[in-house]
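[1] The sequence and its predicted three-dimensional model are supplied below.
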Amino acid sequence: MKLLVTGGAGFIGSCFIRHVLAKHKDYEIINLDKLTYAGNLENLNDIKDDKRYSFIKGDILDYDLVYSITKNVDCVVNFAAESHVDRSINSPDIFIETNVKGTLNLLECSYKNKIQRFLQVSTDEVYGSVDDGGYFYETTPINPNSPYSASKASADMLTRAYFKTYNMPTLITRCSNNYGPYQYPEKLIPFFINRLLNGKKVPLYGDGKNVRDWLYVYDHTEAIDVVLNKGREGEVYNIGGHNEKTNFEITKLILDMTGKDETQIEYVKDRLGHDRRYAISNDKIKNELGWEPKVKFEDGIKLTVEWYLSNRDWINSTLNKKGAQ
Ligand SMILES: NC(=O)c1ccc[n+]([C@@H]2O[C@H](COP(=O)([O-])OP(=O)(O)OC[C@H]3O[C@@H](n4cnc5c(N)ncnc54)[C@H](O)[C@@H]3O)[C@@H](O)[C@H]2O)c1
């Protein structure tokens, strides 16, 4: 099996590549990544010499390049994206370019080259906010509220359209907030740890009571592998941790684990259009494909905080890359 993984130098894509190479000895992987500010080949140092792995620096919007690569692979897993909500609020254009037009280009080239399976990695944010205590199911209407989630929802719709119109074998996964090593330090957990390490306060949006469901990144990548191999074509699969936490609770944990207290919190003006609560049901992937998260939050968050505390060089080199802020 030959896989094209796009965005494999990012947080989740690099974890997926590591997982697949370890699990499937007969798989080969081509990693196509533009290496934006968020892509870092250091994330793959441990597997870079594996003969089954190769890297191509390039853009998923490049038709000729994507066409030539998809000619020689069996499946495509698309992680490549602009992924930070705050950046999408300030500069939505690049989110439409990469997340919508880039996905369209991948779909078109994959269709023309008769790819066996195309998996679009999406997010629970496409469902909007669930404020009534319920859960997102795959049947929940999509209702995106940020330019980021709107661009991901558009990519999902295009993926669905290629299945319905051209009978292309597509799959969509929608996952909740991931945490773990190698996450770009603009996202809550590594961002806050880095600020505390540098003697700065942590800026908490609004009242700190926005709720997110948190899943350890290795569980997410295992679920994607299961869906790629066993999922039903044309279907959407939610992936979550059944692990809802307020942003304040996450902040408090980080403060405790870094030996700081609540005086280090600075409450700041809420994010524009900030979704109040995300909560996702795993019933479908659990009942159909037998996948459930394995890593307990208490263990995963401990591993994660410890990893950032002992990998300050990685944080600094990542933040010093071109285009980073
Ligand atoms: N982080 C989360 O909590 C989360 C949750 C659910 C779903 N997702 C989705 O998972 C995917 C990966 O997220 P992540 O957190 O690893 O993101 P990330 O920002 O860490 O990585 C994105 C990667 O895509 C690459 N990339 C960006 N534009 C590209 C382009 N035009 N061509 C080729 N490569 C390009 C970047 O260089 C980077 O390596 C995204 O599609 C995201 O929407 C993320």
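    Here it is on my side, so go on. Numbers count the residues shown, from 1 in each chain.
[2] Remind me what the longest helix seen in the chain packs against, helices and strands.
    What stands out as the longest helix in the chain, according to DSSP state H, is helix 147-166. The contact analysis (3 or more Cβ pairs under 8 Å, 6 or more residues apart in numbering; DSSP states H and E) places helix 147-166 against helix 85-90, helix 93-95, helix 103-112, strand 117-123, strand 170-175. Glycine gets a C-beta too; all of them are placed from N, C-alpha and C.
[3] from this structure, which residue is nearest to the ligand?
    Across the chain, the shortest distance to the ligand (Cβ to the nearest ligand atom) belongs to Gly10, at 2.1 Å.
[4] about what we covered before: the longest helix of the chain near the ligand anywhere?
    Yes - with Cβ under 6 Å from any ligand atom as the measure, helix 147-166 is seen reaching the ligand through Lys152.
[5] So which bits of the one helix or strand Ile315 maps to are buried?
    Ile315 belongs to helix 312-319 when assigned by DSSP states H and E. Across helix 312-319, burial judged by 16 or more other Cβ atoms under 10 Å covers 314-315, 318.
[6] cool, stretch 42-51 as well?
    42-44, 47.
[7] what about Ser68, neighbour count?
    For Ser68, the neighbour count with other Cβ atoms under 10 Å is 13.
[8] Which residues does Ala179 form beta bridges with?
    Careful, residue 179 is Tyr and not Ala. Taking DSSP bridges, one obtains Tyr216 as the residues bridged to Tyr179.
[9] which ones are touching it?
    189, 214-217, 300-301, 304 (Cβ atoms under 8 Å, 6 or more residues apart in numbering).
[10] Between these, which sits nearest Asn31?
    For the contacts of Tyr179, the closest approach to Asn31 (Cβ to Cβ) belongs to Val217, at 16.6 Å.
[11] which residue sits closest to that closest one in space, ignoring its chain neighbours?
    Leaving out its chain neighbours, the residue that sits closest to Val217 by Cβ to Cβ, 6 or more residues apart in numbering is Gly180, at 3.4 Å.
[12] what's around the one you found, how many residues?
    Neighbour count for Gly180, taken as other Cβ under 10 Å: 24.
[13] Verify the stated contact: it with Lys302.
    No - Gly180 is beyond contact range of Lys302, at 11.6 Å (criterion: Cβ atoms under 8 Å).
[14] Please, where are all the helices along this protein?
    11-23, 63-70, 85-90, 93-95, 103-112, 147-166, 188-197, 217-230, 247-257, 283-289, 297-309, 312-319.
[15] now for the ones you listed, which one comes closest to Asp275?
    Closest to Asp275 of the helices of the chain, according to Cβ to Cβ: helix 147-166, at 8.1 Å.
[16] OK, contacts around Lys152?
    By Cβ under 8 Å, 6+ apart, the contact set of Lys152 is 81, 99, 122-123, 125-126, 144.
[17] Tell me, what's the model's pLDDT at the closest residue to Gly8 other than its chain neighbours?
    With Cβ to Cβ, 6+ apart as the criterion, Gly8 has its nearest non-adjacent residue at 3.5 Å, and that residue is Asn31. For Asn31, the pLDDT comes out at 98.
[18] oh, and call the first residue 17 from now on, that's how I've got it
    Okay, using 17 as the starting number, the last item reads as Asn47.
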